[in-house]
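Asker: Provided below for reference: sequence and predicted model.
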Amino acid sequence: DGGTTSNATSDAITAGEGDDVITSAGDHTLTSTATSNALSVAASFSGVGFASSTSTSTANADASAINAGSGSDIVTNASDLDNLADANAAGISVSVTGLGGAFAADSFWDGGTKANANATAVDLGAGNDAVLNTGTVTNTADADTLSVAGAISGIGIAGAAAASTATADAEAIDGGLGDDTIVNQGMLSSTADAEATGVSLAVTTAGAAVAGSFLDNATRANAYATGIEGDAGTDTIVNDENAVVNVHSNAASSDTAIAIALYGIAAADSNAVSTAESVGIGGGSESDTISNIGSLTASSHTDARARAITFSVVDASPPDASFGTQANAVGFADTIGIDGGAGDDVINNDGSVAAVADAYSVGQTFSVSLISASVSDANADAVVTASGIRGGGGDDAIFNSGDIGVETLADTNARSINGNLVGLTVSKANATATTHAVGIDGGEDDDTIVNESDGLIDVLATADTYASGVAITVAGASATEARTAPIASAEGLQ
């Protein structure tokens, strides 16, 4: 087992326990950077017998510019805060045997190679806190993972399974526990970027080659970004006139599975999942009061790509869609400009709110055999939602006299190619895109929503799908299936 773990933590100002007064003046830049890098390499070689290697890495990075700790604190920031958490993890495993079994993997049953980046520029912690920001806050969480597994058997079984999980979580200001007052009169920027890559390669001249994630694992990228989060407690949050909040989350996952068996069974299964969520201002639990007079922009973007490739001269794989050449790419994107969360909230928007969410998913399969009965199945799915203002649970009162713009896009592409000289050839491609955009969403319970005469709400939802299946058989039978399901809906008030 070549597993490695790397941890990095950075706090520029830490107050600890007690009721503290923290002031960062406006004539300097306060920088906090936590960088964690982890690399693991495992290799196993056998002439005759069984060769196995497992390589897993985990990188954790946590960064805060101002950490108020517990107690009822007063925080004033007029300086430039630059806060970065950067986590990078890579795992490589290789197994080779001349005769017998070769298996190469990471801990795919537990998310595989992992990178976790958590960045909170101003962390108020527990207590009834107050914060005033008049400076420029740049907060970034960046997580990147790479997992590669290669297994080669001259004669016998070759199995390779690689998966990686990258998670980035960025919050510019987090109120934490307690009844907090948060006022922003400056500029807040919060960005979460997660990128995960997995590659599995299995090769045998005679026997079975199995590559990818047949045990329901996947390469995953998760990105969560928030500008201001009240968290638990009865909070008052104000984004003042001329103040700016910019929030962006980006999640990209790429998974490739390749299986080559000249004589025998070749099976490849690829799964890529990307999730991105962005919130400009979130009240959290309990009853909060949120007022936006300034400018608020939030966006989420996902990119998921899954590729499965198989090749054989004589393929003895069963003609079953659950064991063949499969690729599944899934993207989830959700953006909320102002989120009341749980509790009876009062939300006023007199400024501008822009909420944008988009997801791109591509599933591709390619299978070639001279003599075979095979199934090639490609799937691409995307679910995209966005709201300018979302009340959440509780009896909320929402008033808008400003500008709200909401835009969603779901774009999916599924392509399947399967070719046999002799035998049964089946090719399937399915693309689904679901998108929903809402200007003001009251959420659960009994809400009051008022869009004033000078309130402007602009909503757009778009869903694009493409699916193509190609099945080629010179002697035998072939069948092709291609399906698309685009669903788009938009509402000004819900």
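Answerer: Thanks, I have the structure now. Numbering: from 1, shown residues only.
Asker: where does the stretch 201-350 of the chain have low pLDDT?
Answerer: Applying pLDDT under 70 to the stretch 201-350 of the chain flags residues 213-216, 315-323.
Asker: quick one: the strands in it, in order.
Answerer: Along the stretch 201-350 of the chain, the stretches classed as strands by DSSP state E, counting those that start in this stretch are 219-229, 236-239, 244-282, 289-292, 295-315, 325-339, 346-349.
Asker: okay, and the beta partners of residue 211?
Answerer: On the basis of DSSP bridges, residue 211 is bridged to residue 160, residue 268.
Asker: so how far is residue 36 from it?
Answerer: Noted for residue 211: a distance of 29 Å to residue 36, by CB to CB, to the nearest Å. Glycine gets a C-beta too; all of them are placed from N, C-alpha and C.
Asker: which of these two has more residues huddled nearby?
Answerer: In this view residue 211 and residue 36 are compared by other CB atoms under 10 Å, and residue 211 has more residues nearby, 32 against 23.
Asker: relative to residue 420, how far out is the more buried one?
Answerer: If you go by CB to CB, the gap between residue 211 and residue 420 works out to 20 Å.
Asker: now swap in residue 386 and tell me
Answerer: Taking CB to CB, one finds residue 386 at 44 Å from residue 420.
Asker: which of those two has more neighbours?
Answerer: Using other CB under 10 Å, the more surrounded residue of residue 386 and residue 420 is residue 386, with 34 against 26.
Asker: next one: that one from residue 334, what distance?
Answerer: With distances taken as CB to CB, residue 386 is found 7 Å from residue 334.
Asker: give me the common contacts of those two.
Answerer: Common neighbours of residue 386 and residue 334 are listed as 300, 357 (criterion: CB atoms under 8 Å, 6 or more residues apart in numbering).
Asker: just checking, what packs against the helix or strand containing residue 406?
Answerer: Counting by DSSP states H and E, the element that carries residue 406 is strand 403-441. The contact analysis (3 or more CB pairs under 8 Å, 6 or more residues apart in numbering; DSSP states H and E) places strand 403-441 against strand 325-339, strand 352-390, strand 456-493.
Asker: make it 10 Å
Answerer: Applying 3 or more CB pairs under 10 Å, 6 or more residues apart in numbering; DSSP states H and E, we find strand 403-441 packed against strand 295-315, strand 325-339, strand 346-349, strand 352-390, strand 397-400, strand 448-451, strand 456-493.
Asker: okay, the angle between that strand and strand 352-390?
Answerer: Counting by axes from the mean of the first three to the mean of the last three CA atoms, to 10 degrees, strand 403-441 lies at 0 degrees to strand 352-390.
Asker: next, the buried residues of strand 403-441.
Answerer: Residues of strand 403-441 classed as buried under the neighbour-count rule (16 or more other CB atoms under 10 Å) are 403-421, 423-441.
Asker: same question for stretch 74-88.
Answerer: The neighbour-count check on stretch 74-88 (16+ other CB under 10 Å) flags 75-88 as buried.
Asker: among those residues, which pair sits farthest apart?
Answerer: 76 and 88 (34.5 Å; CB to CB).
Asker: can you give me the helices for the stretch 51-200 of the chain?
Answerer: With helices called from DSSP state H, counting those that start in this stretch, the stretch 51-200 of the chain shows none.
Asker: what residue ranges in it score low on pLDDT?
Answerer: In the stretch 51-200 of the chain, residues with pLDDT under 70: 108-111.
Asker: how about the strands in it?
Answerer: Here the stretch 51-200 of the chain has its strands, by DSSP E, counting those that start in this stretch, at 57-67, 74-77, 80-105, 113-123, 130-133, 136-161, 164-174, 181-184, 187-212.
Asker: so which of the ones you listed comes closest to residue 243?
Answerer: Nearest of those to residue 243, taken as CB to CB: strand 181-184 at 4.8 Å.
Asker: return the list of strands paired to that closest one, each annotated with direction.
Answerer: Strand 181-184 has these strand partners (DSSP bridges): strand 130-133 (parallel), strand 236-239 (parallel).
Asker: and the strands of the stretch 201-350 of the chain: which comes nearest residue 373?
Answerer: Comparing those by CB to CB, strand 295-315 comes nearest, at 7.6 Å.
Asker: now the closest one, how far from the centre of its chain.
Answerer: Between the centre of strand 295-315 and the centre of its chain there are 12 Å (CA atoms, centre = their mean, to the nearest Å).
Asker: between strand 352-390 and it, find me the angle.
Answerer: Relative orientation of strand 295-315 versus strand 352-390 (the same axes, to 10 degrees): 70 degrees.
Asker: dump the strands of the stretch 51-200 of the chain into JSON lines; add distance to residue 221 as well.
Answerer: Below are these laid out as JSON lines (distance: least, CB to CB, whole Å):
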{"stretch": "strand 57-67", "distance to residue 221": "15"}
{"stretch": "strand 74-77", "distance to residue 221": "31"}
{"stretch": "strand 80-105", "distance to residue 221": "13"}
{"stretch": "strand 113-123", "distance to residue 221": "10"}
{"stretch": "strand 130-133", "distance to residue 221": "30"}
{"stretch": "strand 136-161", "distance to residue 221": "8"}
{"stretch": "strand 164-174", "distance to residue 221": "5"}
{"stretch": "strand 181-184", "distance to residue 221": "29"}
{"stretch": "strand 187-212", "distance to residue 221": "4"}
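Asker: does residue 138 really touch residue 79, like I thought?
Answerer: No. Between residue 138 and residue 79 there is no contact under CB atoms under 10 Å: 11.6 Å.
Asker: which neighbours do these two share?
Answerer: Each of 29, 65 lies in contact with both residue 138 and residue 79 under the rule CB atoms under 10 Å, 6 or more residues apart in numbering.
Asker: rewinding a little: of the helices and strands packed on strand 403-441, flag the one that's most buried.
Answerer: strand 325-339 (a mean of 29; mean count of other CB atoms under 10 Å).
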